[in-house]
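**Q** Fold the stuff below for me.
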Amino acid sequence: HSEGNIFDPHLHEVMEIVETAKHPEGTILEELAKGYKSKHRTLRPARVKIAKKVIEKELKEKGENHEQNQE
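**A** Numbers count the residues shown, from 1 in each chain. Sure thing, here's the model as predicted:
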């Protein structure tokens, strides 16, 4: 049950990264494959999709390009 938790490299393996402003960076958006543990040892890490913060500079450039295309 990784979805909604923060990424932990000891328990999770990143399969996909999604840039989003809706979730904090490192939040697990989806669990693609279940992981397994035995007491304190990870047998197989869960494979997950995580959120990455959108860089504001890129947002500004996209906005400027969008405005130029509309003119």
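**Q** Which stretches in this structure count as strands?
**A** Along the chain, counting by DSSP state E, strands occupy 12-19, 28-33, 36-38, 41-44, 46-52.
**Q** And for the residue nearest the centre of the chain, nearest residue in space, chain neighbours not counted?
**A** Nearest to the mean C-alpha position of the chain, counting by CA atoms, centre = their mean, stands I50 at 1.7 Å. By the measure of CB to CB, 6 or more residues apart in numbering, the closest residue to I50 outside its immediate chain neighbours is F7, 5.1 Å from it. To be clear about C-beta, it is placed using only N, CA and C from the backbone, and glycine gets the same treatment.
**Q** Pretty sure the one you found sits against I28.
**A** Yes - F7 is within contact range of I28, at 5.9 Å (criterion: CB atoms under 8 Å).
**Q** Now the common contact residues for those two.
**A** Common contact partners of F7 and I28 (CB atoms under 8 Å, 6 or more residues apart in numbering): V48, I50.
**Q** Comparing these two, which residue is more hemmed in?
**A** Applying other CB atoms under 10 Å to F7 and I28 shows that I28 carries more neighbours, namely 22 against 17.
**Q** Isn't T27 up against I6?
**A** Yes - under the contact definition of CB under 8 Å, T27 touches I6, with a separation of 6.3 Å.
**Q** These two: who's more crowded?
**A** Set side by side, T27 and I6 show more neighbours around T27, with 19 against 13, by other CB under 10 Å.
**Q** show me what contacts F7?
**A** Residues near F7 by CB under 8 Å, 6+ apart: V14, G26, T27, I28, V48, I50.
**Q** quick check, nearest of these to Y36?
**A** In terms of CB to CB, no member of the contacts of F7 lies closer to Y36 than V48, at 14.1 Å.
**Q** quick one: pLDDT of the closest one?
**A** According to the per-residue confidence, V48 scores 96 in pLDDT.
**Q** pLDDT value on the residue nearest to I50, please?
**A** At F7, the predicted lDDT confidence score is 94.
**Q** on that earlier part again, adding distance to H1, write the strands of the chain out as JSON lines.
**A** What follows is the strands of the chain, written out as JSON lines (distance: least, CB to CB, whole Å):
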{"stretch": "strand 12-19", "distance to H1": "12"}
{"stretch": "strand 28-33", "distance to H1": "8"}
{"stretch": "strand 36-38", "distance to H1": "12"}
{"stretch": "strand 41-44", "distance to H1": "15"}
{"stretch": "strand 46-52", "distance to H1": "9"}
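**Q** Sweet, I'm off.
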